[in-house]
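Engineer: quick one, fold the following:
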Amino acid sequence: MILSLFWMMKICGVLFLRITPRLSLDAAASLMDSSNNVVDRHTVHAVEREGDVIGQARVLFDRSSAQSVEISYWVGKKYWGAGLTSRFVPLYTYDSFVNNPSIDRIYAKVIEGNDASIRLLEKAGYRYESFHYQNVKKYGKTLNTHTFSVYRASYV
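Structural biologist: Model (predicted):
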């Protein structure tokens, strides 16, 4: 089985899927011009399995803290329970630290009740950090989240 992360075309922190060939050079140049002053950005990787894109992993850079980024990830429902996410989250975490020397902390927010994601993060070396009461709206409901984090010094 082949499981990999692969970079998309990156223009000032904005990434485009290579499966979207409609982006012209003029459009790319225009995006670069409009993105030059963007402070908040995110970097997205597609998760690929045997040639098929099955999910994504992302880090969100926040202007309030250049040393701390949020990781998020997902895989398609038919891949749940196959152990794939537990393989790529540690890889993506390590890759994020290595390729972004200013990052000291990576954190993830997990909706209360998502026990599989909590176990995955703990296996990947993340530690419980905090509880947030009704801070996320999803599916028309206000939900609680837990924050897990990992620090460069203990990971790389």
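Engineer: where along this protein do the helices fall?
Structural biologist: 25-35, 84-99, 115-123, 152-155 (DSSP state H).
Engineer: give me the residues contacting the second one.
Structural biologist: For helix 84-99, the surrounding residues in contact (C-beta atoms under 8 Å, 6 or more residues apart in numbering) are 3, 5, 43, 45, 47, 49, 54-55, 57, 59, 69, 71, 73, 75, 79, 103, 106, 120-121, 123-126, 150, 152, 155-156. In short, each C-beta sits where N, CA and C put it, glycine included.
Engineer: what of the last one?
Structural biologist: Contacts made with helix 152-155 from outside it, assessed by C-beta under 8 Å, 6+ apart, are listed as 93-94, 97, 103-105, 125.
Engineer: are any of those residues buried, and if so which?
Structural biologist: 93-94, 97, 103, 105, 125 (16 or more other C-beta atoms under 10 Å).
Engineer: nearest to Lys138, of the helices of the chain?
Structural biologist: Ranking the helices of the chain by proximity to Lys138 (C-beta to C-beta) places helix 115-123 first, at 13.5 Å.
Engineer: list the buried ones in the closest one?
Structural biologist: 117-118, 120-121.
Engineer: low-scoring pLDDT stretches of this protein, where are they?
Structural biologist: The model of the chain has pLDDT under 70 over residues 1-40, 63.
Engineer: okay, and the beta partners of the residue most central in space within it?
Structural biologist: Most central in the chain under C-alpha atoms, centre = their mean is Arg58, positioned 2.1 Å from the mean C-alpha point. Beta-bridge pairing of Arg58 under DSSP bridges involves Val44, Ser72.
Engineer: Tyr79 is in contact with Arg49, correct?
Structural biologist: Yes - counting by C-beta atoms under 8 Å, Arg49 does reach Tyr79; the two are 7.4 Å apart.
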